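[1] below are the sequence and a predicted model for it; my questions follow.
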Amino acid sequence: MKRRVGILGGTFDPPHLGHLIIANEVLQALQLDEIRFMPNQEPPHKQKDKWVSNEDRINMLTLSIADHPCFAIEKIELERKGRSYTYDTVLLLREREPEIEFYFIIGADMIEYLPKWYKIDQLLKLIQFVGVNRPNHSQKTEYPILHVTIPDINISSTLIRTRISENKSVKYLISDNVWNYIKEHQLYGSN
Ligand SMILES: Nc1ncnc2c1ncn2[C@@H]1O[C@H](COP(=O)(O)OP(=O)(O)OP(=O)(O)O)[C@@H](O)[C@H]1O
Ligand SMILES: O=C(O)c1ccc[n+]([C@@H]2O[C@H](COP(=O)([O-])O)[C@@H](O)[C@H]2O)c1
């Protein structure tokens, strides 16, 4: 049987416990062999300038996933410049590892946004999407995606950035070692 690998693409600015819970839930529900966290170079739909470096995002992700034997990092989008369109990435992944069956995991905010994705109709023929619930977003879609229900998690990277900049606690919202890294490197206005 083919190895089955889930890809959780994201900006991870910073990675939070929601990301880890999604990955773990989908890994279990679909009995996948591995989940790869795939940071994008430039998200297709967000303004770039204010974010932390690729190196910091990779370092924080590495710390986040360290204790899970089935979690890994996929750097393929950092290897090319410009906007990280998933269609281009999936073509490259399939070419590089034809022996693997890939699943692309997205939260409900991204399910809502799917109609606007670059070459979405072609992309849907290349990879199976897996959608998870997210508070205040709908999982309803006409596209043929798999759904996995997870405990609702109302955490976002935006919330983490805001709380840090306002000097509020982020304990239990991100991993302790990520918080230590953020403080050490004075990211997001921490000091
Ligand atoms: N709490 C959550 N529940 C469900 N899905 C989530 C959650 N947080 C992130 N995701 C999903 O994880 C993927 C990567 O998300 P991303 O790194 O952009 O984090 P984010 O919290 O959405 O960030 P930001 O607040 O900066 O937009 C996306 O598919 C997103 O929908
Ligand atoms: O290819 C697209 O058009 C596209 C549009 C929006 C989002 N994506 C991808 O979806 C993933 C989640 O996006 P984000 O910004 O919420 O982290 C990430 O891998 C993005 O590159 C891709």
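    Structure received. Ligands and ions are numbered 1, 2, ... in the order given.
[2] tell me the spacing between Gly189 and ligand 1.
    Using CB to the nearest ligand atom, to the nearest Å, Gly189 is found at 15 Å from ligand 1. (C-beta placed from N, C-alpha, C; glycine too.)
[3] that residue contacts Arg163, doesn't it?
    No: the pair formed by Gly189 and Arg163 falls short of the contact definition of CB atoms under 8 Å, at 10.3 Å.
[4] tell me how far Gly26 lies from Val132.
    Actually, residue 26 is Val rather than Gly. 7 Å (CB to CB, to the nearest Å).
[5] try Ala66
    Ala66 is 23 Å from Val132, by CB to CB.
[6] who's more crowded, the two?
    Between Ala66 and Val132, Val132 has the larger neighbour count (other CB atoms under 10 Å), namely 26 against 10.
[7] got the confidence number for the more buried one?
    For Val132, the pLDDT comes out at 98.
[8] list the residues that contact it.
    Neighbouring residues of Val132 by CB atoms under 8 Å, 6 or more residues apart in numbering: 22, 25-26, 105-108, 139, 147-150.
[9] try 6 Å this time
    Val132 sits next to 22, 107, 148, 150 when contact means CB atoms under 6 Å, 6 or more residues apart in numbering.
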